[in-house]
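*Asks:* Predicted model follows, preceded by the sequence.
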Amino acid sequence: MKVHVDQERCQGHTLCAMIAPKAFELSEIDGHSSPVDENVANDQEDQVREAVHSCPERAISLTE
């Protein structure tokens, strides 16, 4: 699975990084969540899906 965060839609909340800290990090410059690595490890998939469904801006997309 690959993950993408739409930085224009992301409002800088920390939810992604709190739900899936191994898959997301926060930029020190703008406070936005971004993928640490586009390719998500199998053991992180459930957490990343939870982050996707929790994103109020629907700024995260996944591809298999």
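*Replies:* Happy to help now that I have it. Numbers count the residues shown, from 1 in each chain.

*Asks:* Give me the neighbour count for the residue nearest to Pro35 when sequence neighbours are not counted.
*Replies:* Nearest residue to Pro35, sequence neighbours excluded (C-beta to C-beta, 6 or more residues apart in numbering): Val3, at 4.7 Å. In short, each C-beta sits where N, CA and C put it, glycine included. By other C-beta atoms under 10 Å, 25 other residues sit near Val3.

*Asks:* Over to the one 3 residues further on?
*Replies:* When counting by other C-beta under 10 Å, one arrives at 13 neighbours for Asp6.

*Asks:* burial of the nearest residue to it once chain neighbours are set aside, as a residue count?
*Replies:* Leaving aside its sequence neighbours, Asp6 sits nearest to Ala59 (C-beta to C-beta, 6+ apart; 4.5 Å). By other C-beta under 10 Å, the residues close to Ala59 number 19.
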